[in-house]
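Participant: Any chance you can model this:
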Amino acid sequence: TKEDDSNSIINQKSLLTDYALKQGWTVYDYYVDDDYSGSDRNRPEFNRMIDDARDGKFSTIICKEQSRFARDVAIVDKYLNELFPIWGIRFISIVDNNDTNDNNQVLLRQFQSVLNEQYLRGMSNSIKSVLTNRRENGYFIGAFAPYGYKKDPDKKGHLIPDEEAAKIVNLIFQKYADGMGKKSIAIYLNNLGIPNPTEYKRLHGIRKNTPKEVISKIWRYSSIESILKNEVYNGILVQRKYESISFKTKINKPTTKDRWIRVENTHEPIVSKELWDRVQETIKLRTKPCYTGERSIFSGKVKCMYCKRGMNKTISKHIPYLRCEARKFSKDVCRGSCVSFKTLTNYILKEINNLNDSYF
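Facilitator: Numbers count the residues shown, from 1 in each chain. Here you go, the predicted model:
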């Protein structure tokens with residue numbers, strides 16, 4: 001528990017302080033990353049300690065165990081065996097009886113870091129196995145319930161409808177089945193002042209660290225499309241669409257469809273079977289053939305001058321334009337930039353020519 005972790009930190013600080021005082025050393029600072037794993041490379045206090053070590057603010061680092069410093073072989077070798085000697089930093093781990101002033105311990109430190117990393121690898125595989133088993137048995141294991149649902153307080157891993165959000169989900173399905181397009185539905189919801197899933201969770205205290213930009217609060221084409229295609233609203237859980245690249249990082253990657261775990265009848269559907277089937281059939285009929293031509297040279301490179309968000313391609317009277325994506329879905333979000341491909345191309349060519357004249 002968090003309380004146990006905090007108590008562990010208190011005990012470690014006491015142990016390290018006693019050790020330092022017995023050596024006659026002055027404690028410069030404590031670097032404490034509570035609730036962080038030794039495998040995490042982005043620990044804020046760890047990084048602050050490294051910066052202070054580089055700046056020569058102290059001469060010795062003391063840890064309870066080497067694994068408290070890092071479990072990653074590469075990190076241990078980088079600092080303990082390469083950079084710390086250059087910076088004049090001595091490293092001591094009390095329980096391991098490890099001291100970088102002893103040159104005979106280099107092999108011991110490397111061996112210990114290998115053991116620590118193997119422990120992490122085994123623990124990661126064990127956790128993955130447990131999570132896979134729970135997914136296969138129809139348990140929801142995500143950190144946050146999908147929009148329209150909430151976690152059942154009486155049954156771990158079970159979803160129950162969130163009445164307020166579920167009504168919006170049903171509204172989206174009904175509007176699409178009645179002929180309204182995804183973009184039009186997004187504009188409709190924005191005009192009604194209905195918060196999008198991200199903002200809904202923030203307003204209800206489900207997620208606190210969500211972006212505060214206005215653009216993050218509005219409905220867009222992509223959010224409507226995601227809801228209409230999500231089988232969770234049909235009572236089906238589809239999980240493991242993403243998985244971590246490695247136990248050394250929290251970065252995830254998409255998995256192939258054959259690795260997805262799909263379990264039916266895991267929770268109460270929000271949308272009726274008839275409405276779900278009607279919407280899926282409509283999606284198939286409206287889906288345009290995949291465009292396989294070349295991407296625009298401006299793709300992903302042009303930002304709105306007002307809100308700094310991406311510009312999307314649109315065509316008016318057979319003339320291609322770039323238009324602010326935020327403006328499309330809500331007039332209250334951004335004044336909206338719009339520029340034709342021809343104007344933008346001519347401007348860029350003019351700037352290139354100016355640069356060419358300046359340097360050649």
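Participant: which secondary structure element contains residue 33?
Facilitator: Using DSSP states H and E, residue 33 is not contained in any helix or strand.
Participant: Check residue 45 too.
Facilitator: Using DSSP H and E, residue 45 falls in helix 44-54.
Participant: Starting from the next helix or strand after that helix, tell me which strands it pairs with and how they run.
Facilitator: Using DSSP H and E, the helix or strand that follows helix 44-54 towards the C-terminus is strand 60-63. Sheet pairing here is set by DSSP bridges, and for strand 60-63 it gives strand 90-93 (parallel).
Participant: just the strands in the stretch 251-360 of the chain please.
Facilitator: Assigned by DSSP state E, counting those that start in this stretch, the strands in the stretch 251-360 of the chain fall at 252-254, 261-263, 311-316, 319-324, 338-340.
Participant: Of all those, which one comes closest to residue 217?
Facilitator: Residue 217 lies closest, by CB to CB, to one member of the strands of the stretch 251-360 of the chain: strand 319-324, at 15.8 Å. (C-beta placed from N, C-alpha, C; glycine too.)
Participant: buried residues in the closest one?
Facilitator: Counting neighbours by 16 or more other CB atoms under 10 Å, one finds that the buried residues in strand 319-324 are 321-324.
Participant: from the chain's centre, how far out does it sit?
Facilitator: Mean-position distance between strand 319-324 and its chain equals 30 Å (CA atoms, centre = their mean, to the nearest Å).
Participant: Then stretch 311-321?
Facilitator: Relative to the chain's own centre, stretch 311-321 is displaced by 32 Å; criterion: CA atoms, centre = their mean.
Participant: so residue 282 touches residue 177, yeah?
Facilitator: Yes: with contact defined as CB atoms under 8 Å, residue 282 reaches residue 177; the gap is 6.3 Å.
Participant: what stretches of this structure score poorly on pLDDT?
Facilitator: Scanning the chain for pLDDT under 70 picks out 1-7, 37-40, 105-116, 119-120, 123-124, 208-215, 246-250, 288-296, 326-333, 360.
Participant: what's the closest non-adjacent residue to the spatially most central residue of the chain?
Facilitator: Geometric centre of the chain, nearest residue: residue 251, 7.5 Å, by CA atoms, centre = their mean. Spatial nearest neighbour of residue 251, chain neighbours left out: residue 245 (5.2 Å); criterion: CB to CB, 6 or more residues apart in numbering.
Participant: number of nearby residues for the one you found?
Facilitator: Other residues near residue 245 number 10, with proximity taken as other CB atoms under 10 Å.
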